[in-house]
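Enquirer: Requesting a structural model of the entry that follows:
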Amino acid sequence: MLQLLNMIRPTKCFFFVRVIFEVALFELKFGFDNCFKLLTSIKSITFFMKFIDLFITGVSYLRQSRKRNLIKTAFSLKGKRGLEIGGPSTFFGLKSSFPIYLFAKKIDGVNYSNETVWEGKLQQGETYNYYRDKLGTQFIAEATKLKDIPNECYDFLLSCHSLEHVANPIKALLEWKRVIKKGAFLILVLPDKRYTFDVNRPYTSLDHLIQDYKSETDEHDTTHLEEILEYHDIQKDAGVDTVLQLKEKLKDNYSNRTAHHHVFSQDVVKKILEYCGFSVKHQQEENSLHLITVATRQ
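Expert: Prediction:
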């Protein structure tokens, strides 16, 4: 059966078929030659729900060409183990542009505190519920200090709308590089400032990011708060209604981490990743909000 699947040409229609059958094969751990076993296994609610999810993803692949590279990358992570910084994120879930949760074997998560604005209360341990009944290890740690995670232990790393909240992005990226294997994927999603409350702010330069790294800038940094107050578009921020509210929120940024320290363009993303020892494989914009970069560790 596997030999037959390997012969299928990677056209959009056949890729859809391949996704469903290969993942089902991986999950059930037996060939499809025995149709009775397949049918009886579908009685399992867990498998049936996953089969439906696969079907939805396949339809999305067929109908939306802009998603095809992302879905193929997600599919390549089938059976692999990853780490997510600042998640879970709906961007990697079902019906998203990048359904990595559907295919990955296990994903662990890192959040900076045991209570955040986005996730609420968190508990360290096997509590990272990122997709249906899938659980990973929840770590409570700074994105720049993954001290409980050994070197080169993950096949990929995810970060969605997280790096802009980090005061020292290069330090974070080097730490993320440390915990993934050589050749492993780094999948980085950042906000497109043109469609967010950062619309009036200037893009951060690579030189600025390098200076933050050399200066050992940490999360207590307030360098950018004045710029945020001057250029922040209140009308695009659902979290505040007035400048006064914004000021109060920024005063406690070390606790709430809502400020965007930096504003990224795709060009700067590519440069900073190359500076940190990654090779950029693919970049695209998605849904007038997301800047997506797929890179590998060199």
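Enquirer: Could you use CA atoms for every contact and neighbour count after this?
Expert: Will do.
Enquirer: What is the burial count for Ile272?
Expert: Using other Cα atoms under 10 Å, the number of residues around Ile272 comes to 20.
Enquirer: residues near the nearest residue to it once chain neighbours are set aside, how many?
Expert: Once flanking residues are discounted, Ile272 sits nearest to Leu206: 6.5 Å by Cα to Cα, 6 or more residues apart in numbering. For Leu206, the count of nearby residues is 18 (other Cα under 10 Å).
Enquirer: mind checking how far Leu206 is from Lys249?
Expert: 27 Å (Cα to Cα, to the nearest Å).
Enquirer: now the helices for the stretch 151-298 of the chain?
Expert: 169-179, 206-214, 225-231, 243-251, 253-256, 266-275 (DSSP state H, counting those that start in this stretch).
Enquirer: just how off-centre is the longest one within its chain?
Expert: Right, helix 169-179. 15 Å (Cα atoms, centre = their mean, to the nearest Å).
Enquirer: Next, the angle from it to helix 206-214.
Expert: 70 degrees (axes from the mean of the first three to the mean of the last three Cα atoms, to 10 degrees).
Enquirer: which residues does the closest residue to Gln284 other than its chain neighbours contact?
Expert: Excluding its sequence neighbours, the residue lying closest to Gln284 (Cα to Cα, 6+ apart) is Ile292, at 5.3 Å. The contact partners of Ile292, taken as Cα atoms under 8 Å, 6 or more residues apart in numbering, are Ile187, Leu188, Val189, Leu190, Gln283, Gln284, Glu285, Glu286.
Enquirer: Of all the residues you listed, the one with the weakest confidence?
Expert: Of all the contacts of Ile292, Glu286 carries the smallest pLDDT score, 89.
Enquirer: Could I get the contacting residues of that one?
Expert: Applying Cα under 8 Å, 6+ apart, the residues near Glu286 are Ser97, Ile292.
Enquirer: switch to 7 Å and redo it
Expert: Residues counted as contacts of Glu286 (Cα atoms under 7 Å, 6 or more residues apart in numbering): none.
Enquirer: again, but for Gly109
Expert: With the criterion set at Cα under 7 Å, 6+ apart, Gly109 makes contact with Leu83, Glu84, Ile85, Gly87, Tyr128, Gly136, Thr137, Gln138, Phe139.
Enquirer: Which of the three states applies to it?
Expert: strand (DSSP: H, G, I helix; E, B strand; the rest coil).
Enquirer: what is it paired to in the beta sheet?
Expert: Glu84, Gln138 (DSSP bridges).
Enquirer: just use 54 as the starting number from now, easier for me
Expert: Right, with 54 as the first residue, what we last looked at is Gly162.
Enquirer: what separates the closest residue to Glu272 other than its chain neighbours from Ile325, distance-wise?
Expert: In this structure, Glu272 finds its nearest non-sequential neighbour in Ala220, 5.4 Å apart by Cα to Cα, 6+ apart. Look at Ala220 and Ile325: by Cα to Cα, they are 14 Å apart.
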